[in-house]
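[1] Provide a 3D model corresponding to the input given below.
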Amino acid sequence: MLIFLRGLSYLPLWLLYGLFSPLAYVVLRFVLRYRRAVVTKNLRNAFPELSQAELKRLRTKYYRHLAILLPEVIKSLSASQDELVKRVSFVNPEILKPLTDAKQSAMFLAAHHCNWEWIGLTLGHYLGAPVDSLYRPLHNATGDALMLASRSRFGSRPITDKSAAKTMLRRRKEFRGFGLVADQRPNPWGEQYWTTFLNQRSSFFVGPDRLARLLKYPVFMLAMRRVSLGYYEVEIVPLASPPYDEDQENIVELYVREAEKAIHQQPETYLWSH
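    This is a model prediction of the structure:
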């Protein structure tokens with residue numbers, strides 16, 4: 001399957017949209033009714049002020065977003081970094097220059113918003129160093145292989161969530177970026193950070209705060225928005241920088257607040273089905 005998808009990825013993106021997006025929309029929304037109850041519940045909780053008609057329109061836009069995202073993820077398997085950089089514009093890349101000049105590694109947090117896969121594939125161009133993504137392996141073998149193949153490009157060496165601290169410590173003398181899509185729910189038996197997120201009591205990994213303090217890395221949020229079909233903008237938002245002390249606000253909390261701002265600007269492009 002991965003070989004088949006890699007072959008498809010060499011098709012022009014406009015053709016991939018035409019081949020997959022209309023069909024994917026119909027299948028996801030009307031045939032499979034993909035996680036419809038979860039999507040509806042999450043949207044209702046996040047936006048209690050919206051009417052039923054408004055929630056329905058937002059849900060429809062979300063399924064259209066999923067249908068657009070599928071061809072873009074496939075294209076990630078073969079698109080050159082130059083091609084992706086043309087599609088993902090960082091609006092304030094000058095923030096990264098001090099890191100590049102000092103060869104200072106840093107942590108970059110994103111959300112499952114817009115096309116988070118393309119953030120990881122383009123950030124290294126602006127940073128001037130490879131970006132290693134921290135990830136939790138997917139239960140679906142095909143999906144996991146697809147994500148890993150995409151995220152391993154351009155010098156990246158992805159890191160599983162279970163080995164994050166050990167691996168980052170081992171690489172601390174290298175100049176690299178470490179990227180984490182940090183809005184996943186942690187395992188219930190592990191340590192969790194609890195806060196209110198999109199009007200719901202939610203738990204988060206404690207890793208971003210613990211790892212930044214341990215490694216003395218600055219931390220940034222990458223807030224993305226879709227500009228047009230196949231094109232995005234990313235704003236780099238500084239969250240925290242060393243030296244850290246006990247009075248430093250929890251970095252996860254800072255991240256959550258910035259993630260909420262980005263999601264509210266373009267809610268249809270958030271991953272409401274999880």
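
[2] Only C-alpha atoms from now on, for both contacts and neighbour counts.
    Noted.

[3] Next, Y232: secondary structure please.
    strand (DSSP: H, G, I helix; E, B strand; the rest coil).

[4] Now for it: which residues touch it?
    Y232 sits next to R87, V88, S89, M224, R225, R226 when contact means C-alpha atoms under 8 Å, 6 or more residues apart in numbering.

[5] Would you map the strands across this structure?
    Using DSSP state E, the strands of the chain run over residues 88-90, 106-110, 131-135, 159-160, 177-181, 193-197, 200-204, 219-228, 231-240.

[6] how about those strands, which one is nearest L43?
    strand 200-204 (10.7 Å; C-alpha to C-alpha).

[7] rewinding a little: out of the strands of the chain, which comes closest to N45?
    strand 200-204 (6.8 Å).

[8] shaky segments in this structure?
    For the chain, no stretch has pLDDT under 70.

[9] Recalculate using a threshold of 80.
    Flagging of the chain using pLDDT under 80 yields the residue ranges 1-2, 137-144, 146-147, 188.

[10] Would you point out which residue is most central in it?
    W116 (3.4 Å; C-alpha atoms, centre = their mean).

[11] Nearest residue to that one in space, please, no chain neighbours.
    Once flanking residues are discounted, W116 sits nearest to A110: 7.0 Å by C-alpha to C-alpha, 6 or more residues apart in numbering.

[12] can you map out the helices along the stretch 1-150 of the chain?
    Taking DSSP state H, counting those that start in this stretch as the test, the helices found in the stretch 1-150 of the chain are 2-8, 13-26, 36-46, 52-75, 81-87, 97-102, 116-127, 141-151.

[13] of the strands of the chain, which approaches V256 most closely?
    Comparing the strands of the chain against V256 with C-alpha to C-alpha, the closest turns out to be strand 193-197 (6.8 Å).

[14] Neighbouring strands of the closest one in the sheet, and parallel or not?
    strand 200-204 (antiparallel) (DSSP bridges).

[15] who's in contact with the strand it pairs with?
    Outside strand 200-204, the residues within contact range by C-alpha under 8 Å, 6+ apart are 45-46, 182-186, 192-196, 252.

[16] From those, list the buried ones, please.
    Among the contacts of strand 200-204, those classed as buried by 16 or more other C-alpha atoms under 10 Å are A46, A182, D183, Q184, P186, Q192, Y193, V252.

[17] Distance to S9 added to those residues, as a markdown table?
    As requested, the buried ones among the contacts of strand 200-204 are exported to a markdown table (distance: C-alpha to C-alpha, whole Å):
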| residue | distance to S9 |
| --- | --- |
| A46 | 35 |
| A182 | 27 |
| D183 | 28 |
| Q184 | 27 |
| P186 | 32 |
| Q192 | 38 |
| Y193 | 38 |
| V252 | 35 |
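
[18] closest to P218 among the residues you listed?
    Each of the buried ones among the contacts of strand 200-204 was checked against P218 using C-alpha to C-alpha; the closest is V252, at 13.1 Å.

[19] Make sure that closest one is actually in contact with L211.
    No. Counting by C-alpha atoms under 8 Å, V252 does not reach L211; the two are 11.1 Å apart.

[20] one step back: include distance to V73 when you put the contacts of strand 200-204 into TSV, please.
    As requested, the contacts of strand 200-204 are exported to TSV (distance: C-alpha to C-alpha, whole Å):
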residue	distance to V73
N45	28
A46	27
A182	19
D183	19
Q184	19
R185	22
P186	24
Q192	30
Y193	30
W194	31
T195	31
T196	30
V252	27
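
[21] what's the closest of the residues you listed to I3?
    The shortest approach to I3 among the contacts of strand 200-204 belongs to Q184, at 28.5 Å (C-alpha to C-alpha).

[22] hang on, the earlier thing: among the buried ones among the contacts of strand 200-204, which lie within helices?
    Taking DSSP state H as the definition of helices, these contribute A46, V252.
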